[in-house]
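# build me a model:
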Amino acid sequence: MQHLTARTQNIAHYITLLADYAMIMPKEWALKLAYNRGQRCGKSTRPDEQTAPDIVETGQILRQAVLTDYKLRHQNSGYRFLFQMPKVGVGVIWFQDLIQCLEYTGIPCATVERDDPQFHEKWEAFQPNVFISMDLPEVLRSLDLDYICRYKKAHGCFRFFTPVVKHWFPKPRLSAEDQWRLDLARSQKSVDAYFSMMVDEFFADHFAEWARAGFKYLALPHGCNPIDHYPLAAQKEFDYFMATSHGIDRVKVTWRYMRPILARYYGLWAGPKWSFGAKPIPSEAMPSFYARTRIAPNPLMRFLIQLPAEITDRTFSVAACGTFQITDWTAVTDRFFAADELVRVKGEKEFFKAFQYYIDRPEERNAIALKALRRVFAEHTYFHRIDRLLSFLEACRELF
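Now for the predicted structure:
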């Protein structure tokens with residue numbers, strides 16, 4: 001009966017998705033028309049503008065300092081991280097940045113894919129003592145949990161999973177699959193502790209059942225990756241530049257916030273599956289594109305505005321590249337940036353007004369961007385996040 005209930009829920013979920021896609025298709029078509037109109041008519045006639053020299057110089061100094069400080073810093077920690085990589089989405093970028101920076105500090109990392117045919121061979125060859133994955137039902141079912149349990153008992157291994165929002169999120173109800181993965185965790189067959197880019201109260205509020213069961217949680221926010229993200233000198237040819245994933249919610253946000261900007265200004269839109277703009281851009285190429293834009297728009301999903309949740313990866317990477325950005329106010333923004341370091345607005349009308357105001361005020365833009373640049377390299381690199389991660393692991397030694 002429980003199986004039938006879960007199947008019914010899944011069918012209803014997919015029907016809802018199909019209805020949502022049918023609803024957003026006209027919106028994306030209108031966005032494509034707006035973008036094409038902006039490309040034809042919005043070609044910037046503004047005065048020539050280069051990346052501010054003090055932004056480039058400051059970024060080079062701060063970047064080199066943090067890279068020097070963290071080079072092989074943790075090579076004697078004894079940790080060996082095995083990541084099961086997500087198939088798509090922001091989790092891929094997040095894990096890749098963590099891996100790159102962990103390895104830079106001297107901590108060995110390896111990866112496996114979901115349903116990896118060489119999972120056991122890779123595990124045995126690498127001998128991890130930290131295993132990182134996603135707490136998704138389909139991921140849990142793909143893992144040989146019995147094998148991992150046996151390995152843990154024999155060698156010691158911390159199973160550290162990212163909790164994925166419940167089926168009824170943000171409502172408190174549990175679906176049948178939510179209850180299944182909670183029961184699996186309680187039985188000690190799947191996970192030892194949880195971590196994500198969300199703040200502490202997100203886990204306490206929306207995974208209260210897991211919190212009450214005694215599971216520890218680490219809030220490990222996004223950050224900037226100094227290996228890939230830093231300011232470059234370039235001519236400003238775009239009024240805006242945004243690279244983003246494609247999906248129902250992202251189309252809705254783009255429709256609300258970006259339509260008038262796409263239609264009136266000249267810029268570059270990039271990302272997979274969009275019907276307009278450029279193809280996906282590799283992470284290492286992002287600094288050159290941010291250097292060439294006056295403003296980096298950063299409109300947020302609704303739940304990030306409505307709930308205490310996270311600061312997005314884009315916020316930190318844009319700041320690290322020394323580029324001015326406009327984003328939404330959230331309940332957690334002030335924990336990461338001061339009011340004069342980041343322009344945050346409330347709603348799409350304020351967003352467009354802010355864009356119109358700052359587009360022709362490079363000195364004001366540069367002053368704000370410079371302060372954000374200083375902040376991220378002082379407090380919000382992935383190296384800082386790794387320090388936090390390792391401190392948490394040391395406090396959980398009894399769970400290895």
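# for this structure, give me the ranges with low pLDDT.
Counting by pLDDT under 70, the chain contains low-confidence ranges at 1-22, 44.
# just the strands in it please.
Along the chain, counting by DSSP state E, strands occupy 81-84, 109-112, 130-135, 158-163, 193-196, 217-219, 238-243, 267-270, 293-298, 325-328, 343-345.
# of these, which is nearest Met286?
Smallest distance to Met286 across those (Cβ to Cβ): 7.0 Å, for strand 238-243. Every C-beta, even on glycine, is put in place using the N, C-alpha and C of the backbone.
# want to throw the strands of the chain into a markdown table with mean neighbour count and distance to Ala319?
Converted to a markdown table, the strands of the chain look like this (neighbours: other Cβ atoms under 10 Å; distance: least, Cβ to Cβ, whole Å):
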| stretch | mean neighbour count | distance to Ala319 |
| --- | --- | --- |
| strand 81-84 | 21 | 26 |
| strand 109-112 | 18 | 26 |
| strand 130-135 | 22 | 26 |
| strand 158-163 | 22 | 24 |
| strand 193-196 | 21 | 21 |
| strand 217-219 | 19 | 19 |
| strand 238-243 | 22 | 15 |
| strand 267-270 | 21 | 19 |
| strand 293-298 | 24 | 9 |
| strand 325-328 | 24 | 7 |
| strand 343-345 | 21 | 11 |
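# indicate which one of these is closest to Leu232.
strand 293-298 (11.6 Å).
# just checking, what packs against that closest one?
Contact here means 3 or more Cβ pairs under 8 Å, 6 or more residues apart in numbering; DSSP states H and E; on that basis strand 293-298 packs against strand 238-243, helix 248-264, helix 313-320, strand 325-328, helix 348-358, helix 362-379.
# list the contacts of the closest residue to Gln60 other than its chain neighbours.
Leaving aside its chain neighbours, Gln60 sits nearest to Tyr230 (7.1 Å; criterion: Cβ to Cβ, 6 or more residues apart in numbering). Going by Cβ atoms under 8 Å, 6 or more residues apart in numbering, Tyr230 touches 59-60, 63, 287, 320-322.
# distance to Asp249 added to the strands of the chain, as TSV?
Compiled in TSV, the strands of the chain are given as follows (distance: least, Cβ to Cβ, whole Å):
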stretch	distance to Asp249
strand 81-84	25
strand 109-112	28
strand 130-135	19
strand 158-163	19
strand 193-196	18
strand 217-219	23
strand 238-243	15
strand 267-270	17
strand 293-298	15
strand 325-328	14
strand 343-345	19
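# among those strands, which is nearest Asn366?
Proximity to Asn366 (Cβ to Cβ) singles out strand 293-298 among the strands of the chain, at 10.2 Å.
# export the closest one to CSV, keeping only CA atoms.
What follows is strand 293-298, C-alpha atoms only, in CSV (Å, rounded to 0.1, in the frame of the first residue of the first chain):
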residue,chain,number,x,y,z
THR,A,293,30.3,43.3,-18.2
ARG,A,294,29.1,46.4,-16.4
ILE,A,295,26.5,44.6,-14.3
ALA,A,296,26.1,40.9,-13.3
PRO,A,297,22.4,40.4,-12.5
ASN,A,298,21.7,37.9,-9.7
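# residues contacting that strand, please?
46, 49, 236-242, 257-258, 261, 267-268, 290, 312, 314-315, 318, 323-328, 351, 355, 358-359, 362, 365.
# now the closest residue to Val253 other than its chain neighbours: how far from Gly271?
Closest residue to Val253 apart from its sequence neighbours, by Cβ to Cβ, 6+ apart: Pro299 at 5.2 Å. Distance, Pro299 to Gly271, using Cβ to Cβ, to the nearest Å: 14 Å.
# please say which of the two ends up with more neighbours.
Legend: neighbour count by other Cβ atoms under 10 Å for Pro299 and Gly271, higher for Pro299 (22 against 16).
# quick check: the more buried one vs Asp115, distance?
In terms of Cβ to Cβ, Pro299 sits 35 Å off from Asp115.
# and what of Pro137?
14 Å.
# neighbour count winner among the two?
Pro137 (17 against 12).
# number of nearby residues for Lys353?
So Lys353, with other Cβ under 10 Å, has 13 neighbours.
# so what's it closest to, chain neighbours aside?
Val345 (7.9 Å).
# is that neighbour in a bridge, and if so with what?
On the basis of DSSP bridges, Val345 is bridged to Asp328.
# that one is in contact with Trp329, isn't it?
Yes: counting by Cβ atoms under 8 Å, Val345 touches Trp329, with 6.5 Å between them.
# wait, isn't Ile261 in contact with Ala354?
No: using Cβ under 8 Å, Ile261 is not in contact with Ala354, being 10.7 Å away.
# how far away is Glu121 from Ala110?
Using Cβ to Cβ, we find Glu121 at a distance of 11 Å from Ala110.
# which ones are touching Lys371?
338, 340-341.
# quick one: it from Ala378, how far?
For Lys371 relative to Ala378 (Cβ to Cβ), the value is 11 Å.
# Gly156 now?
35 Å.
# and for Gln127?
In terms of Cβ to Cβ, Gln127 sits 36 Å off from Ala378.
# Asp239 now?
Distance of Asp239 to Ala378, given as Cβ to Cβ: 30 Å.
# next one: Trp269
Going from Trp269 to Ala378 by Cβ to Cβ gives 32 Å.
# one more: Ser77?
The value you get for Ser77 to Ala378, if Cβ to Cβ is used, is 23 Å.
# quick one: contacts for the closest residue to Leu268 other than its chain neighbours?
Excluding its sequence neighbours, the residue lying closest to Leu268 (Cβ to Cβ, 6+ apart) is Phe241, at 4.9 Å. By Cβ under 8 Å, 6+ apart, Phe241 lies in contact with 267-268, 270, 289-290, 292-293, 296.
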